[in-house]
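Engineer: Let me see the structure of the following:
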Amino acid sequence: MQGSKDIIKDIMEGKKKMDGKLVITREDNHIISAMFEEESLAELSVEPVEEKKLLGNIYTGKVKNIVRNINAAFVEVEKGLLCYYPLDINKEQIFLHPKKTSVLQEGDEILVQVSKEAMKTKAPSVTSNINLTGKYLVITAHNPSIGVSGKIEDSALRKHLKELVAPYKGESTGMIVRTNAQDAEDSAIIKEAIILEEQMEALLKKAPYMTCFSLVSKAPSGFIMDIRDLRQRNLNEILTDDTELYEEIKQYLMIYQPMDLKKLRFFEHTNSTLNQIYGINQKLKKALSERVWLKSGGYLIIQQTEAMVVIDVNTGKSIGKRKSQDHFLKINLEAAKEIARQLRLRNLSGIIIVDFIDMEKEESRHKLMKELESLFRNDRIKTTVIDMTKLNLIEITRKKVKKPLHEQAALLMKSSPDSQV
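Structural biologist: Below is the predicted model:
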């Protein structure tokens, strides 16, 4: 193991690349997870230690009421905790007790999983599409199909992966092969398939015998999910300076990702923390700034409204250089790359409207759209370029999963008013 002095020396002298480094540390009773790619901060999350995490948890819930005009029900998963349950998505329920009818009714006890965290005034969302997620696979209950991530484009590899996992799924369960599987050994995928199938079988057997409002399966901690969801080839090092976190990460890796155990390192230093060395608080503050400067002299204005995220691209200081259409395209392409980075870093989701600099050439507009589509393929959260409107505004959607960074950071600032963040 490399000594702490050597780690600091590497950082200060810039000898050690920060590409593929996940830094996990504790600050004011919060766990901060920072992913560095290409020597810059790519993803950042803040998780309160004491806050009850719901996302991914599986509960025995009770249908409290059904609201037909919004085609949804509200399911109570804990005393007083109501969750939104959209009926158009959840067409089949997993009833915990035998019924004469499959029609959902008030008072029914059903098995549900939290699919979205609570956001501002919106309640958490739950689904009957129960799944267990591993690094390479997702196993689904009562859905016997086998799917492969759309990001795996090689047809021969897709066929191979489908055939590989088929013998290890149950009659009523299905599997989805994740993007991470394309970098994995067949033996690792098979091992995970066996583990997940056993876990799902045990879960479905015990759920009907549990009392209402029981937590059937607890999702991993947020920082463990960060480790799990990162592509193996993109993760070169996991670094922490907290003994409890180190042990939890080590135990997880030993069972589920033994091939990554050698990447885990513990940093111990009496005078410095990883937060201080990597300037994470300062980077967090910068990640919350409304204005983001581009190398060309242009800049972005990023604003979160109640309904959507609005991003404006401005020429800024670069306007004095040239006003040609080629120059506008250059700024827009630079802005596109930064926007893709900022959406990941800030975890912005929902509807995103971008006002790029107007370009006269259809060829330039087409090139910009293709560049955005290419950049978003690298985002592990589903991000789609919808279209360019008549006003030359580009509409993007990004799947909502967890709180945006500014809401996560608000919890840190609330718990520690004197924080530098």
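Engineer: How many neighbouring residues does residue 58 have?
Structural biologist: Other residues within reach of residue 58 by the criterion other CB atoms under 10 Å amount to 23. (C-beta placed from N, C-alpha, C; glycine too.)
Engineer: What residues does it make contact with?
Structural biologist: Counting by CB atoms under 8 Å, 6 or more residues apart in numbering, residue 58 touches 111, 112, 113, 114, 130, 203, 207, 215, 216, 217.
Engineer: got it, and residue 180?
Structural biologist: 135, 136, 229, 231, 232.
Engineer: same check, this time on residue 105
Structural biologist: Contacts of residue 105 (CB under 8 Å, 6+ apart): 63, 66.
Engineer: Swap in 7 Å and give it another go.
Structural biologist: residue 63 (CB atoms under 7 Å, 6 or more residues apart in numbering).
Engineer: what do you get for residue 82?
Structural biologist: 64, 74, 76, 123.
Engineer: quick one: least confident helix or strand in this protein?
Structural biologist: None of the helices or strands of the chain scores lower by mean pLDDT, DSSP states H and E than helix 4-13, at a mean of 57.
Engineer: ok, then the element right after the helix or strand containing residue 43?
Structural biologist: Residue 43 belongs to strand 40-48 when assigned by DSSP states H and E. Per DSSP H and E, the first helix or strand lying C-terminal to strand 40-48 is strand 58-67.
Engineer: in its sheet, what does that following strand sit against?
Structural biologist: When pairing is defined by DSSP bridges, strand 58-67 lines up against strand 72-78 (antiparallel), strand 109-116 (antiparallel), strand 215-217 (antiparallel).
Engineer: Tabulate these (CSV), appending mean neighbour count.
Structural biologist: Below are those laid out as CSV (neighbours: other CB atoms under 10 Å):
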stretch, mean neighbour count
strand 72-78, 21
strand 109-116, 23
strand 215-217, 17
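Engineer: how about the strands in the stretch 251-400 of the chain?
Structural biologist: Using DSSP state E, counting those that start in this stretch, the strands of the stretch 251-400 of the chain run over residues 264-266, 291-293, 299-304, 309-314, 350-355, 383-388, 393-398.
Engineer: Also the stretch 51-200 of the chain?
Structural biologist: In the stretch 51-200 of the chain, the segments counted as strands under DSSP E, counting those that start in this stretch are 58-67, 72-78, 81-86, 109-116, 125-127, 131-133, 137-140, 146-148, 174-177.
Engineer: could you give me the average pLDDT of the third one?
Structural biologist: So the one you mean is strand 81-86. The average pLDDT within strand 81-86 is 94.
Engineer: Next, the angle from that strand to strand 72-78.
Structural biologist: Taking axes from the mean of the first three to the mean of the last three CA atoms, to 10 degrees, strand 81-86 and strand 72-78 form an angle of 150 degrees between their directions.
Engineer: in strand 81-86, what counts as buried?
Structural biologist: Within strand 81-86, the residues scored as buried using 16 or more other CB atoms under 10 Å are 81, 82, 83, 84, 85.
Engineer: rewinding a little: the strands paired with strand 58-67: which one's closest to residue 283?
Structural biologist: Closest to residue 283 of those, according to CB to CB: strand 109-116, at 26.7 Å.
Engineer: rewinding a little: export the strands paired with strand 58-67 as a markdown table, with columns for distance to residue 159.
Structural biologist: A markdown table is the format used below for these (distance: least, CB to CB, whole Å):
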| stretch | distance to residue 159 |
| --- | --- |
| strand 72-78 | 39 |
| strand 109-116 | 30 |
| strand 215-217 | 32 |
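Engineer: would you list those strands in TSV and tack on mean pLDDT and distance to residue 92?
Structural biologist: Converted to TSV, those look like this (pLDDT from 0 to 100; distance: least, CB to CB, whole Å):
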stretch	mean pLDDT	distance to residue 92
strand 72-78	94	14
strand 109-116	94	10
strand 215-217	95	18
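Engineer: Show me the helices in the stretch 251-400 of the chain, by range?
Structural biologist: 274-278, 280-287, 325-346, 362-376 (DSSP state H, counting those that start in this stretch).
Engineer: Any idea which of those gets closest to residue 236?
Structural biologist: helix 274-278 (15.3 Å).
Engineer: CA-only coordinates of the closest one in CSV, if you can.
Structural biologist: Extracted C-alpha coordinates of helix 274-278, given in CSV (Å, rounded to 0.1, in the frame of the first residue of the first chain):
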residue,chain,number,x,y,z
LEU,A,274,-9.2,13.8,1.5
ASN,A,275,-11.8,16.7,1.5
GLN,A,276,-9.0,19.2,2.1
ILE,A,277,-6.5,17.6,-0.3
TYR,A,278,-8.9,17.3,-3.2
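Engineer: Centre of the chain to it, how far?
Structural biologist: Put simply, helix 274-278 sits 23 Å off its chain's centre (CA atoms, centre = their mean, to the nearest Å).
Engineer: try stretch 72-87
Structural biologist: Centroid separation for stretch 72-87 versus its chain: 23 Å, with CA atoms, centre = their mean.
Engineer: that older thread, mind giving me JSON lines with the buried residues of strand 81-86 and columns for distance to residue 382?
Structural biologist: Shown next, in JSON lines, are the buried residues of strand 81-86 (distance: CB to CB, whole Å):
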{"residue": "81", "distance to residue 382": "27"}
{"residue": "82", "distance to residue 382": "27"}
{"residue": "83", "distance to residue 382": "22"}
{"residue": "84", "distance to residue 382": "20"}
{"residue": "85", "distance to residue 382": "21"}
